[in-house]
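1. Predicted model follows, preceded by the sequence.
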Amino acid sequence: MRILLINGPNMNLLGEREPDRYGGRSLGDIEAELVQHALKSGIELECVQSNHEGELVEWIQGARRNCAGIIINPAAYGHTSVALRDALLAVALPTVEVHLTNIAGREPFRHKTLIADVVLGRISGFGTHGYQLALDALNEHLNH
């Protein structure tokens, strides 16, 4: 089984950007750990990141051909992108939304995302561990 992990804008700066808020681990370190965790469950995890909305949309659309599900940290685009929402609706793959911080406890404009009602669920506020929680939850969903 193959799952696509998508990370949105500025996630490439993890470990450098606001480490008090986002932690000190790089995206590469997080992805490497997740790939190993996925393999234990027989999952091939494909990891991608972009700062460009259109590229994220293309990856979502492409996932319909070879992935059983999606994990997405849309980052700032979660609050603004109708295009991501429409792409997720179009492919109709089970999707889990992840945010490192508790977005409900941040600035009011971050409290809701435009994809919240089209995903299976959201994991928010558990730092980088949220990715593993998302992977386990999606795997459980896909196997039952």
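-> All right, it came through fine. What you see is a predicted model, and the numbers here were worked out from it, not measured in a lab.
2. For the spatially most central residue of the chain, which residues are in contact?
-> Centroid-nearest residue in the chain: I72, 1.9 Å away (criterion: C-alpha atoms, centre = their mean). Residues in contact with I72 (C-beta atoms under 8 Å, 6 or more residues apart in numbering) are 5-8, 60, 84, 88, 95-98, 115, 119. Just so you know, the C-beta spots here come from the backbone N, C-alpha and C atoms, and that holds for glycine as well.
3. Can you give me the pLDDT of it?
-> pLDDT for I72: 98.
4. And what about it, helix, strand or coil?
-> strand (DSSP: H, G, I helix; E, B strand; the rest coil).
5. Show me how far the helix or strand bottoming out on mean pLDDT in the chain is from its chain's centre.
-> Sorting the helices and strands of the chain by mean pLDDT, DSSP states H and E puts helix 19-22 at the bottom, at a mean of 72. Centroid displacement of helix 19-22 relative to its chain, using C-alpha atoms, centre = their mean, to the nearest Å, is 18 Å.
6. got the contact list for the helix or strand just after that helix?
-> Going down the chain from helix 19-22, the next helix or strand is helix 27-40, by DSSP states H and E. The contact list for helix 27-40 (C-beta under 8 Å, 6+ apart) reads 3, 5, 7, 11-12, 14-15, 44-45, 47, 49, 128, 131-132, 135.
7. about what we covered before: kindly state the beta-bridge partners for the residue nearest to the centre of the chain.
-> Applying DSSP bridges to I72 yields these beta-bridge partners: I6, E97.
8. gap between it and V91?
-> Per C-beta to C-beta, to the nearest Å, I72 is found 11 Å from V91.
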